[in-house]
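**Q** need a structure here:
(2 chains)
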Amino acid sequence: MADFLTPEEEYELMYGEELEMMNDFEEPENVAAPIASTQKTTVRNDNTLLSSPALSQISRDERHIPFTPSNNIHKNKKTSTPFLEKLKAVDDEFDKIKSKNIDALNEIQNFGMKRKRKLEDLFGDIYDIEAEDAFFKKPKTEEEKDMETIEKIIEARKVFDLYLNPLKNSEFDRLEALHKFKKDNISKTIPRYPFMTLSSLDDRYYVRFHSEDFENKKLTEIEAHNLNAGKFFGNHTEQLWQEANQIILKNVQGSSQMRQLAQENSANHQNTSGASLWVEKYCPKKYIDLLSDESTNRSLLQWIKLWDKAVFNREPVKKNTKPGELSNFNRRTGRFEQNGGWIKRKFRGNMLNTELDENGVPVQKIALLVGRPGLGKTTLAHVIAKHAGYEVREMNASDDRNVDSFRQILESCTQMKSVLNRENRPNCIVLDEIDGAPLPSVEFLIRFVSGQISEKSKKGKNNKKFVLKRPIICICNDLYGANLRTLRQIAFVVNFQSIDNARLAERLIHISYREHVKTDMTAMLSLAEKTGGDIRSCISVIQFFSNTKKALTLFDVLKSNVGQKDQHKTLFNVWSSIFQIQRPKKVLKQSSNDQQKQIIGMTDMSIRTRMMYVLEMVNSCGEYEKLGQGVFENFLKQKIQDTNLTSIVEASKWFCFNDLIQHKINTQQNYIIYPYLQFAFVCWHFCFSSMAYPQITYPQKQYEVSQKISTSKQIFECIKKGIVSNGVRAGHELLIDTISLLKNIICPEIRSVSMHLLTPNEKIDLHHTVQIYADFGVSLIQMQAADGTYLYRSEPDIDHFSFTGIPNKQISYWSKQIIAQEVQVEKMRRARPKVGIENLKIIEEKTKKAEKAKEILSPTSENKALPNHLQRLMPIIAKEKLLPSTLVCKDFFGRAMSKESTSDNSSVHDPFKNILVRSPIWFKFKEGFNNAVRKDVTFSDLL
Amino acid sequence: MALWVDKYRPKELSKLDYHKQQAIDLKRLCEQQDFPHLMFFGCSGAGKKTRIQCVLRELYGPSAERLRNETMNFTTPSNRKIEITTVSSNYHIELNPSDAGIYDRVVITDIIKQIAQTNIIDTNGQRDFKVIVLTEVDDLTKDAQHALRRTMEKYVATCRLILCVNSTSRVIPAIKSRCLGIRVASPTHEEIIGILNQICQKENLKLPAELARNIASKSERNLRRAILMLEACKVQKYPFTNNQDVPEIDWQRFLNETANQILMEQSPARLEKVRDRLYELLSQGIPPDIIFKVLVQVLSKKCEVEVKSQIYEFASLYEFRMQMGSKQIYHLEAFVAHFMSIYKKYLIQATEMMMDMDE
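**A** Next comes the predicted model:
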């Protein structure tokens, strides 16, 4: 506005002086003694009609009075005049205009009459504006000027008609008077009357001083005119007068702050009325300005500094931070305090791995900033990168994010330098909103970072391994998104906590002060609370309110719907709201007597409010099942004062109810009953809530139990599958009846003596036990316990099925050892290949005989009877162990060879050796049993 | 077959120890050409499967006892691969469809149909149908049961079904009406004692009458349990004594202790402890309905008559809800809480009465 003058103003500037000169000629000046009245705001007469004087009058004036040098006015306003003077001047002007307007009109009319004919020829009847016209026409006669003027006049007339239809005549008079007055009292050249100089940047104006007598005279004139002036201001002169006074008084009370405000406002208005958002405007530019948690900032800064060696080739400063130093961080003030941290807080978040790898690059090559929207993640990334001397290259969801474009960006950023950039800084890549990127792209990023992508060089030098030398910062909202799983593991995760409300409010106050939005701390605090610490939405709300030109009060904040987005409440928030009675909160309420009016009040502790609050909280989280689980595992820990446990019974009923509904939903996908789930939480709230802060633990029982159930199931399945005997039934009863008693059955007490020294009864017991083990496919396995001792565990683990407080019958290590050995032997015996049913039976008989009588058996006869293709190789070792006292060996073709051997178990390998020694050639079939036709082959045949 | 339970299981209908009339009837049934679908029902440990096995032997001869374990794989509509183990001979196949959990319907529709559609190739067999033994049919979902009923009719030419059920109440009437129901009642104490004595005779052991009675009563007329207990006793301490400790089933002992805890104190803290114990039981895979049943039995046994009717009333309610729902711990705990509340009220009343009496 200041830069471009409207044509009217231009014209006025060009010819104003001449006009004034002319006027000076025509009217003899009233030279009077200078008085202390500066008449600069000539158009203030309009003020009475406007509610906010400072801002909107300019445009209005321009519209009304095309030939008024509003330019001047505008500039005058800029000069700093004491407000009281201004006030007086306004008063005075107002009077004068009123008094003069009639005289002036006459004058102008007369003046215009001379040129009337000519104008009439051109435009027809333009009587109401021709006077003005005359002025313009006088100094020049060019046709162009005329045409311009005509257009302006037509426009002006339209405006006139629009705005001032009822007051046409009087308005016209007023304008004339105004002009006249200006001619009389303001000049650009040094006037002949006494004057006061007003200077703006490039112009200088001279304002006329009038004598006090003159002023008085004018005042009386006004009074006289007031009687006639009914038509000028309608019948509301008195009212207008009062209103004007009121406004002026108000303005006076606004004191110096308001004045300053007004000045800056006019300056700011031009900037902010444009596109720039306050969020951008007040975005922190320096590290100091950052609003986010200091520990978060520091950890990221520390990480980016680790790159110094790789990027700037300077050693990172190794700082020996004392662990106590960081814990002294005070979240409320946002500073590290020397003695303020009386609560020793653990430095949260995963600690940064400060080591560098062999390339001098940090081990964690990606920093991943995680947090809810509006906490300042992007800002932090930018600020830190700049702070550490990098040039930020950002890529966000608006960019194309397929693998190719990822590759392009990453390669260009890491391997090239920006030429256009004067400062020649290295790049730092900021990948914003990475959780929206497709999975292949993220995978590519990980491969790229870990150096698995060889550089594509045209000459085929693919062997050179690419080493990332630039830091990459990724930003996401949801750390646990499916596509970030791998990234999460390799990246340095920086978790953003929500900003302390008080700190945020402080900053908001600061911003609103700078923007001249009137507000107070309570409003800001409640705004911060309402938006849940979202800086962006807070600032947006303030900016939105700034346009209303009113003070932003608590009332507004509470009333507004802004910032009330779908907030995701954490589970713990909801749980604590269930177990804790909410303290009264400021809210808007319908006042009881007036339905329209809302008042700020406190929430009461009525059942209704509490219920609504709990419902709201529960809804905002939505994970009913998890929430219910949390309540279930915590409600018994709350302090409940009822002797008969009625509230617990009531709550339990609701748990059952919820379970039934959940089950219905899960099995039938019948979501129509879903809303009923939430009401249980209300009941639990009423049953268990108290004012005290609840101790809440995360529900893990259900998960643990389900894990245990699945392991039990697995073991049970193992046992079921392992059952080899035909007789044993596998079913529920196996679990319920058999296993628990089985544990008692399979632990016979065996003396710790050698096998040979056992009594026959003991041997029978042992044999029986071993048979059971073998039937169930259970074996004992030696394990080393944590304390180094050896122990036997059954596999599958039958002992898993035991309860606390009920001891399992345990047998000695020695007994277990014997059983374990025997079970192995028995299993091998059973695993013997089945040579047809008959054969098997024969062998069984045979082994039984062998056990009893310890005779040397020759199974040759049976084997010979078999056709060649039915013969199978016999496992030698198994036989060996079976019959410890006798040795039945067979040669390659199944013919038995008997030989006495030492009845020692340890000499297992001897017969094997013997066989090898005896036969000059032997073959070994690696692939189990072969039923192919076999015949003797000698080497001479092969050669 | 080393466990006595398996070792001394009768193999033939004629060798059964009790329900002899029923055994004769079954034998006659097998001799007829017309063999219906059968449904054996009765408590666990009553001898249902023994009888089924005997019937199979009666039908097909001793080769029906030659069993092999097999696993069958199938794919659910949601592309999950599930395998169930089956036990089969040449003539019959035994499987437990409820192993597949909620996919049991697929087992019925796919596997059983597949089995039922083929004829027996072995012409030597006396019968021209094969038998499918389904165990724990009462645990089947309703869907699966409905899928079963058409299968039973359609493939009647090639196969017969023998169902093994604990309680018929959870079997849909449509299936019940298609089968010949055979109730296998639990053996009486005397019958159990007789069987125990037989076993001991065969094992060359001397069983005192007192101990036999003890075992029989502890086993709650569950023959399997009784024989297992006997064997455990033998391992524990051989020359039997009259008042020897009979090893209990550990989860039952655990539940007993839990019930005692409930009766001793009624408070939120105690409820929480009880909850942990219930969780432990569940995590061991003990079916919740059995937990519920035993708990109610133990509690009602130990508390006064005035409370009993109340207990049964709401116990049935919570048990029903538990069957409808999916998180059993809620219902179990709700029952315990309710019991605590009622019992506590009763105790307070009783003490007040006592005080009044004293005055």
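**Q** okay, CA-based contacts and neighbour counts for the rest of this
**A** OK.
**Q** Apart from its chain neighbours, what residue comes closest to B:Leu148?
**A** B:Ile108 (6.2 Å; Cα to Cα, 6 or more residues apart in numbering or on different chains).
**Q** Number of residues surrounding that neighbour?
**A** 23 (other Cα atoms under 10 Å in any protein chain shown).
**Q** Show the model's pLDDT score for it.
**A** What the model reports as pLDDT for B:Ile108 is 84.
**Q** State the distance from it to chain A.
**A** Distance, B:Ile108 to chain A, using Cα to the nearest Cα, to the nearest Å: 18 Å.
**Q** can I assume that residue sits in a strand?
**A** No. Applying DSSP: H, G, I helix; E, B strand; the rest coil, one finds B:Ile108 to be helix, outside a strand.
**Q** contacting residues around B:Lys81?
**A** B:73-75 (Cα atoms under 8 Å, 6 or more residues apart in numbering or on different chains).
**Q** Now it, what are its backbone angles?
**A** For B:Lys81, the backbone dihedrals are phi -90, psi 130 (criterion: degrees, to the nearest 10).
**Q** Which residues does it form beta bridges with?
**A** B:Thr75 (DSSP bridges).
**Q** pLDDT score assigned to it?
**A** pLDDT, B:Lys81: 85.
**Q** Just to check, B:Leu56 is in contact with B:Ala64?
**A** Yes. Contact status for B:Leu56 versus B:Ala64: in contact at 6.4 Å, counting by Cα atoms under 8 Å.
**Q** More neighbours: which of those two?
**A** Comparing B:Leu56 with B:Ala64 by other Cα under 10 Å, the one with more neighbours is B:Leu56, at 25 against 20.
**Q** tell me which element the more buried one is part of?
**A** In this assignment (DSSP states H and E), B:Leu56 forms part of helix B:48-60.
**Q** Name the surrounding residues that touch that helix.
**A** Under Cα under 8 Å, 6+ apart, the answer for helix B:48-60 is B:9-13, B:26-27, B:30-31, B:40-42, B:63-65, B:91, B:125-127, B:162, B:164, B:184.
**Q** any idea of the mean pLDDT in it?
**A** 88.
**Q** Stretch A:577-590 too?
**A** The average of the pLDDT scores along stretch A:577-590 is 69.
**Q** now swap in stretch A:792-802 and tell me
**A** Mean per-residue pLDDT for stretch A:792-802: 78.
**Q** near chain B, anything from that stretch?
**A** Yes. Shown here: stretch A:792-802 in contact with chain B (Cα under 8 Å from any Cα of the partner chain) through A:801-802.
**Q** State which helix of chain B is the longest.
**A** helix B:328-358 (DSSP state H).
**Q** is that one anywhere near chain A?
**A** Yes. Using Cα under 8 Å from any Cα, helix B:328-358 reaches chain A at B:330-331, B:333-334, B:337-338, B:340-342, B:344-345.
**Q** Flag every buried residue along that helix.
**A** For helix B:328-358, burial by neighbour count (16 or more other Cα atoms under 10 Å in any protein chain shown) applies to B:328-344, B:346.
**Q** What is it packed up against?
**A** helix A:646-668, helix B:250-264, helix B:268-283, helix B:305-324 (3 or more Cα pairs under 8 Å, 6 or more residues apart in numbering or on different chains; DSSP states H and E).
**Q** so the second one versus helix B:268-283, what angle?
**A** Orientation note: helix B:250-264 sits at an angle of 170 degrees relative to helix B:268-283 (axes from the mean of the first three to the mean of the last three Cα atoms, to 10 degrees).
**Q** Over to the longest one?
**A** Interaxial angle of helix A:646-668 relative to helix B:268-283 (the same axes, to 10 degrees): 30 degrees.
**Q** Give the rounded mean pLDDT of helix A:646-668.
**A** So the average pLDDT for helix A:646-668 ends up being 89.
**Q** With the second one instead?
**A** Helix B:250-264 shows a mean pLDDT of 90 in the predicted model.
**Q** With the last one instead?
**A** Looking at helix B:305-324 alone, the average pLDDT works out to 89.
**Q** I'd like to know which of the contacts of helix B:48-60 are buried.
**A** Neighbour-count burial within the contacts of helix B:48-60 applies to B:9-13, B:26-27, B:30, B:40-42, B:64-65, B:91, B:125, B:127, B:162, B:164, B:184; the criterion is 16+ other Cα under 10 Å.
**Q** which secondary structure element contains the most centrally placed residue in chain B?
**A** Centroid check for chain B by Cα atoms, centre = their mean gives B:Ser44 as the closest residue, at 3.4 Å. Of the helices and strands defined by DSSP H and E, none includes B:Ser44.
**Q** thinking it is in contact with B:Asn222, fair?
**A** Yes. Counting by Cα under 8 Å, B:Ser44 does reach B:Asn222; the two are 6.6 Å apart.
**Q** Can you pull the residues that touch both of the two?
**A** Residues within reach of B:Ser44 and of B:Asn222 at once, by Cα under 8 Å, 6+ apart, are B:Ser186.
**Q** What are the buried residues along the helix or strand where A:Arg610 lies?
**A** According to DSSP H and E, A:Arg610 maps onto helix A:607-621. By 16+ other Cα under 10 Å, the buried positions in helix A:607-621 come out as A:610-611, A:613-615, A:617-621.
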